[in-house]
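# Provided below are the primary sequence and the corresponding predicted coordinates.
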Amino acid sequence: MSILHLVNKSPYERDSLDTAADYMVDGDAMLLIEDGVYAAMSGGKAASKISGMKVSVLGPDLAARGISEEKLVDGVTVVDYAGFVDLVESNDKVQSWL
Amino acid sequence: MKLTIQVNEGPYQHQASDSAYFFTKAALEKGHEIFRVFFYHDGVNNGTRLTTPPQDDRNVVSRWSELAAEHDLDLVICVAAAQRRGIVDDGEAERNKKDATNIAPGFRISGLGQLVEGGIQSDRLVVFGD
């Protein structure tokens, strides 16, 4: 059983990304949305935490914050809202870390 | 896939209502079924028709109403959260002796059981909030 972990807060604001990452097990996926996209920046506070994990980031929220895709941690994939829907479908459950 | 969406945040507060809207729209475009959208906590403020945002800004409330009309969505507002925040339909106005209503088209007020049912009946429950 796989879980999609949704994180919508910046790692500079709350520790929800840390909590979600600690709960992730093999096969799970994480999607960063809203201010959560700041966690995907290379050299940022959460970069070492998410490197090597299955992490996606919502493209429109990235663009809205002026973060270019070249600035992302290696291995992080960018998805649009249709990709968000696909992630919800391909995992058995969705956990929002609000 | 059958989905229930939960919205815990009001319009223009941060981004949860926008995220929920765009996710719902994308799911519909991909042919998925939206069993219900449940508005809880400050999320009930998405259901007042009395908002007047500036013309060059998005209209969060009417956007939900239009999507509901287009796709026959069930937009449900939690009654206890609505009573606290002054979201009123005809039934609530009569029951609580209010002199006006403000519920937006396409929304209805009901209980938390509707959220529980959404969770049971749907393949996924996706929560948006602050």
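Cool, got the structure. Owing to the predicted nature of the structure, the values given are computational and were not obtained by experimental measurement. Residues are numbered from 1 along each chain as shown, chains lettered A, B, ... in the order given.
# could you use CA atoms for every contact and neighbour count after this?
Fine.
# near chain A at all, the host helix or strand of B:E117?
Taking DSSP states H and E as the definition, one finds B:E117 inside helix B:113-121. No: shown here: helix B:113-121 not in contact with chain A (CA under 8 Å from any CA of the partner chain), separated by at least 11.2 Å.
# alpha carbons only: can I get that helix in PDB?
What follows is helix B:113-121, C-alpha atoms only, in PDB (Å, rounded to 0.1, in the frame of the first residue of the first chain):
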ATOM      1  CA  GLY B 113     -21.900  12.800   8.100                       C
ATOM      2  CA  GLN B 114     -21.600  14.000   4.500                       C
ATOM      3  CA  LEU B 115     -17.800  14.100   4.900                       C
ATOM      4  CA  VAL B 116     -17.800  10.700   6.500                       C
ATOM      5  CA  GLU B 117     -19.900   9.300   3.700                       C
ATOM      6  CA  GLY B 118     -17.600  11.000   1.100                       C
ATOM      7  CA  GLY B 119     -14.700   9.200   2.700                       C
ATOM      8  CA  ILE B 120     -16.400   5.800   2.600                       C
ATOM      9  CA  GLN B 121     -17.900   6.100  -0.900                       C
END
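# what comes up buried for it?
B:114-115, B:118-119 (16 or more other CA atoms under 10 Å in any protein chain shown).
# got phi/psi on A:T77?
phi -100, psi 150 (degrees, to the nearest 10).
# give the contact list for the residue nearest to it when sequence neighbours are not counted.
Nearest non-adjacent residue to A:T77, counting by CA to CA, 6 or more residues apart in numbering or on different chains: A:S56, 4.6 Å away. Counting by CA atoms under 8 Å, 6 or more residues apart in numbering or on different chains, A:S56 touches A:29-32, A:76-79.
# now rank these by neighbours and give me the top one.
A:L32 (28 neighbours; other CA atoms under 10 Å in any protein chain shown).
# correct me, but that residue touches A:P60?
No: the criterion here is CA atoms under 8 Å, and A:L32 misses it with A:P60 at 11.2 Å.
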